[in-house]
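Asks: With the input below, show me the fold.
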Amino acid sequence: MLYKSLNLKAPKVTFEQAVTLGLAPDKGLYFPDTIIPLENSFFETIATRSNEEIAYTVIKQFIGSEIEENDLRKIISETLCFGFPLTKIEENIYSLELYHGPTMAFKDVGARFMARCLAYFNKNKPNQKNTILVATSGDTGGAVANGFLNVQGVEVVILYPSGKVSDIQERQLTTLGQNITALEVDGVFDDCQDMVKRAFLDSELAHKNLTSANSINVARWLPQLFYFFFAYKELKKMNLPIIISVPSGNFGNICAGIMAKKLGLPIQHFVAATNLNDTIPRFMLDGMYNPKPSKATLSNAMDVGNPSNFIRIQELYKHDFLAFKNDFSSYAFSDEETLVALKDLYTKNQYIAEPHGAIGYLGLKEEMKKHGKSVGVFLETAHPIKFLDTVEPTLEICLPIPTQIESIMNKEKKSIKIKTYTDLKNYLG
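Replies: Here you go, the predicted structure:
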């Protein structure tokens, strides 16, 4: 498998090169050069297959022969070491819970997969050193820190916006130490992401072998295909059209879902549910892409004004706006609407969500008004405990602390404060 830059001004590369480079030299995101739909027999028998077998079948074309089959199966097994339950909320509406991994966020899948791929590529290169440079608006940092902790030959540097992630999210990326360093940026997520992209293209930092573990990296992005197939495996027996709503910030997750559809997964419609950062809902009105600076909201992991992965979605539709609009909708919701949804989910359905999942639920309900009888799924991307300052007072409950979170609560937070790209460059050396 070869990968092209979506800016089309850089040479095609292998999967390994795409993983280690992160971003193409022409500033473009890497994208598979070919996409081969899966055979109908795979979907006909999917209910009889294990999650690991499904994941291997889905991902193998994107890696080709670059990772031996047994090693790839081992990587997948270690990545999928937790469950992905589909929980019934109300008639024909389900929550796909993606937060049962080590850092209690959906990004555990991509981070664990990428870390193991990079370790595989480095195993016969004892002198190889890589620096993982990543920006986070919430859960990415913790998932990457945990996934790459103690991976040989890898240093992880995480940039996060000061005061704009929850206490638990901050602890997950600032308390591990060892090969993990957290840089606290005086700014918003878009500032962090811009610094990361600029560093990749800085020739004076070439000696650091920089790569990204954000969803711009193909090894972080592509494994997110898996759980869309897992959901279909459970819902196939209902024999109804499926609508999936994804709370969306940088749009990597929903882009993976659309990629799954291009592989043949029978999903009728996707919904990108956002907060006040409404670049894509506005785009859907007139086809004009007009990003604005991000705004802070209760659903902080979605506080992205210029979502990187949207260009990949456009590529999947060959920039055909009408074809895209047929499969895709996007809605924006305020913090006030988010809190009402949290309350409704709890009081009417006895379900404890968090702000991102609540927005996914709102987007799903809005879209299902436009369809006949169908089944809807919204993605619950993080455990409610990560947003206890919002969830507990809103629902008037006290959340028990899960084991994964309890282990970090008394550790000292350590970060380095920076303001500018020069500060970042000076740190990286």
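Asks: and residue 95, that's in a strand?
Replies: Yes - residue assignment for residue 95, taken from DSSP: H, G, I helix; E, B strand; the rest coil, places it within a strand.
Asks: thinking it is in contact with residue 231, fair?
Replies: No - the pair formed by residue 95 and residue 231 falls short of the contact definition of Cβ atoms under 8 Å, at 10.3 Å. For every residue, glycine as well, the C-beta is placed using N, CA and C.
Asks: Please list all residues in contact with residue 358.
Replies: Applying Cβ atoms under 8 Å, 6 or more residues apart in numbering to residue 358 gives the contacts 299, 338-339, 341-342, 345.
Asks: which of those residues tops the neighbour count?
Replies: Looking at the contacts of residue 358 with neighbours defined as other Cβ atoms under 10 Å, the largest count falls to residue 299 at 30 neighbours.
Asks: Helix or strand for the residue nearest the centre of the chain, just tell me which one.
Replies: Central residue check for the chain by Cα atoms, centre = their mean: the C-alpha nearest the mean position is that of residue 253, 4.6 Å away. Residue 253 belongs to helix 252-262 when elements are defined using DSSP states H and E.
Asks: Between the two ends of stretch 396-416, how far is it?
Replies: 36 Å (Cα to Cα, to the nearest Å).
Asks: tell me the secondary structure for residue 18?
Replies: When classified by three-state DSSP, residue 18 comes out as helix.
Asks: could you measure it against residue 121, distance?
Replies: 11 Å (Cβ to Cβ, to the nearest Å).
Asks: what do you get for residue 20?
Replies: When Cβ to Cβ is applied, the distance between residue 20 and residue 121 equals 7 Å.
Asks: So which residues make contact with the lengthiest strand in the chain?
Replies: Across the chain, the strand with the greatest residue count (assigned by DSSP state E) is strand 154-161. Contacts made with strand 154-161 from outside it, assessed by Cβ under 8 Å, 6+ apart, are listed as 115, 118-119, 122, 129-137, 141, 144-145, 148, 170, 173, 179-185, 187-189, 191-192, 195-196, 213, 418, 424, 427-428.
Asks: Among these, name the buried ones.
Replies: Neighbour-count burial within the contacts of strand 154-161 applies to 115, 118, 122, 130-137, 141, 144-145, 148, 170, 173, 179-185, 187-189, 191-192, 195-196, 213, 418, 424, 428; the criterion is 16 or more other Cβ atoms under 10 Å.
Asks: Now intersect those residues with the strands, please.
Replies: When those are checked against strands (DSSP E), the matches are 130-135, 180-185, 418.
Asks: I'd like the contacts of residue 358 as a markdown table, with pLDDT and secondary structure appended.
Replies: Written out in a markdown table, the entries for these read as follows (pLDDT from 0 to 100; DSSP: H, G, I helix; E, B strand; the rest coil):
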| residue | pLDDT | secondary structure |
| --- | --- | --- |
| 299 | 94 | coil |
| 338 | 98 | helix |
| 339 | 98 | helix |
| 341 | 98 | helix |
| 342 | 98 | helix |
| 345 | 98 | helix |
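Asks: Quick check: the residue lying closest to residue 187 once chain neighbours are set aside vs residue 356, distance?
Replies: Counting by Cβ to Cβ, 6 or more residues apart in numbering, residue 187 lies nearest to residue 161, which is 5.8 Å off, once chain neighbours are set aside. Plainly put, residue 161 is 17 Å away from residue 356 if you go by Cβ to Cβ.
Asks: For residue 65, what is the enclosing helix or strand?
Replies: Assigned by DSSP H and E, residue 65 belongs to no helix or strand.
Asks: repeat for residue 198
Replies: With DSSP H and E as the criterion, residue 198 is inside helix 189-200.
Asks: mean confidence for that helix?
Replies: The pLDDT scores in helix 189-200 average 88.
Asks: for stretch 209-224, same thing?
Replies: Confidence over stretch 209-224, taken as the mean pLDDT, stands at 90.
Asks: Can you give me the distance of the closest residue to residue 352 other than its chain neighbours to residue 325?
Replies: Across the structure, with Cβ to Cβ, 6+ apart as the measure, the residue nearest residue 352 apart from its sequence neighbours is residue 384 (5.1 Å). Here residue 384 is placed at a distance of 33 Å from residue 325 (Cβ to Cβ).
Asks: Compare those two (neighbour count), which wins?
Replies: When neighbours are counted by other Cβ under 10 Å, residue 384 and residue 325 differ, and residue 384 comes out ahead with 25 against 13.
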